[in-house]
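In: sequence below, structure please.
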Amino acid sequence: MISIGMVWDRAMAVISGRFSILLSLAVGLIIVPPIGQAAIDAVGGSSFMLRSTQMAASLLVFVSASIGAIAITAVASDPDVDLRSALAIGRARLGAFIGVWVIVGLCFVLAALPGLILVATSGFSVAQAQAGGPQDGLNMGVLSIGMVLLLVLVPVMFWATARLVPLGAVIVNERRGIGAIQRSFALTRGMTLKLLGVLILYAIVFVVVLTASTSVVGLIARLLAGSDGAIVVSVTVAAVAALVAGLFSVVQAVFSAQLYAAAREAHDGA
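Out: A predicted model of the protein is given here:
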């Protein structure tokens, strides 16, 4: 039986022992790019050039974060992986990493599609609901079925997410493509409830820290920048959000890598 406490201790040991390289990867690939994107997005205007630049920046942030997640996972998985080799692994496994996660995302979307279609065809209006207005011509029968399907899907998605915690580490360490999904499910057999607890706790702490830090820093930035400092405030808040997200991403990747290692030892050694 794998102990989550043991996995956490191993993850903290990795972060402590390889802090400098993990921090370098996080800053360069996960934290700085979103700040640059926020600075571009803060520029007013709707020209084709600006829109194209914003789209290119979004793509760059996504690719950079993916390479960062792969590289951090590689560093957390193998003590012999240095900064240069981690970046090389990040580039080499980028296609498989993005491809597998896109497939997972599409599966989630397709699973939710019947319920969403039923809710949409029932005449339900999100805008009216937000405004507190009446729902004219609403088909309650169709809406009820759609809502039931979506509610039933929620615990299924939580279950699947828990089983996919080591997916990134499987893709990085075992050079697998779509087969990494089946391997991740096999490695996490019997651990679903524990991993659900970890995910819920992680999400709560992340949301609390992110909300508190951005709110406080945003308030201070508004006071210092004044009424004409909207761009400064926007970029400052984005920088804090990127910092928090980057640090939590490191913890998540390292924990997933150590969970993978422990599960592989238990699974393959059995």
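
In: tell me how far residue 115 lies from residue 198.
Out: Residue 115 sits 27 Å away from residue 198, going by CB to CB, to the nearest Å. (Each C-beta comes from the backbone N, C-alpha and C, glycine too.)

In: before we move on, what about residue 32?
Out: From residue 32 over to residue 198 (counting by CB to CB), the distance is 28 Å.

In: which element follows the helix or strand of the chain with the lowest mean pLDDT toward the C-terminus?
Out: Within the chain, no helix or strand scores below helix 126-131, which has a mean of 68 by mean pLDDT, DSSP states H and E. Of the helices and strands lying after helix 126-131 in sequence (DSSP states H and E), the nearest is helix 140-163.

In: what ranges do the helices span in this protein?
Out: All helices of the chain, identified by DSSP state H, fall at 4-17, 19-25, 32-41, 48-77, 83-92, 94-121, 126-131, 140-163, 167-174, 179-187, 192-225, 230-269.

In: worst average pLDDT in the ones you listed?
Out: Mean pLDDT values for those show the minimum at helix 126-131, a mean of 68.

In: now do residue 33 against residue 10, distance only.
Out: 29 Å.

In: so residue 94 touches residue 64, yeah?
Out: No: in this structure, residue 94 is not within contact of residue 64 by CB atoms under 8 Å, at 10.3 Å.

In: between these two, which is the more surrounded one?
Out: A side-by-side neighbour count of residue 94 and residue 64, using other CB atoms under 10 Å, places residue 64 first with 20 against 15.

In: the more buried one contacts residue 33, correct?
Out: Yes: contact criterion CB under 8 Å: residue 64 and residue 33 qualify, at 4.6 Å.

In: name the nearest residue to the residue of the chain most remote from its centre, sequence neighbours excluded.
Out: Taking CA atoms, centre = their mean, the residue of the chain most remote from its mean C-alpha position is residue 137, at 38.3 Å. Distances taken as CB to CB, 6 or more residues apart in numbering place residue 123 nearest to residue 137, at 4.7 Å, with adjacent residues excluded.

In: pLDDT score for that neighbour?
Out: On the pLDDT scale, residue 123 gets 78.

In: could you check which of residue 33 and residue 10 is surrounded by more residues?
Out: Counting neighbours by other CB under 10 Å for residue 33 and for residue 10 shows that residue 33 has the greater number, 21 against 18.

In: okay, that one and residue 106: tell me how far apart.
Out: Per CB to CB, residue 33 is found 25 Å from residue 106.

In: with residue 250 instead?
Out: 27 Å.

In: quick one: which of these two has more around it?
Out: More crowded of residue 250 and residue 106, by other CB under 10 Å: residue 250, with 25 against 10.

In: for the closest residue to the more buried one other than its chain neighbours, the count of nearby residues, please.
Out: Leaving aside its chain neighbours, residue 250 sits nearest to residue 26 (5.0 Å; criterion: CB to CB, 6+ apart). Number of residues near residue 26 (other CB under 10 Å) recorded here: 24.

In: how about residue 77?
Out: By the measure other CB under 10 Å, the count of residues near residue 77 is 21.

In: i'd like the first residue to be 713 from this point on
Out: All set: I'll call the first residue 713, so the last point we hit is now residue 789.

In: among the helices of the chain, show me which one is buried the most.
Out: helix 879-886 (a mean of 24; mean count of other CB atoms under 10 Å).
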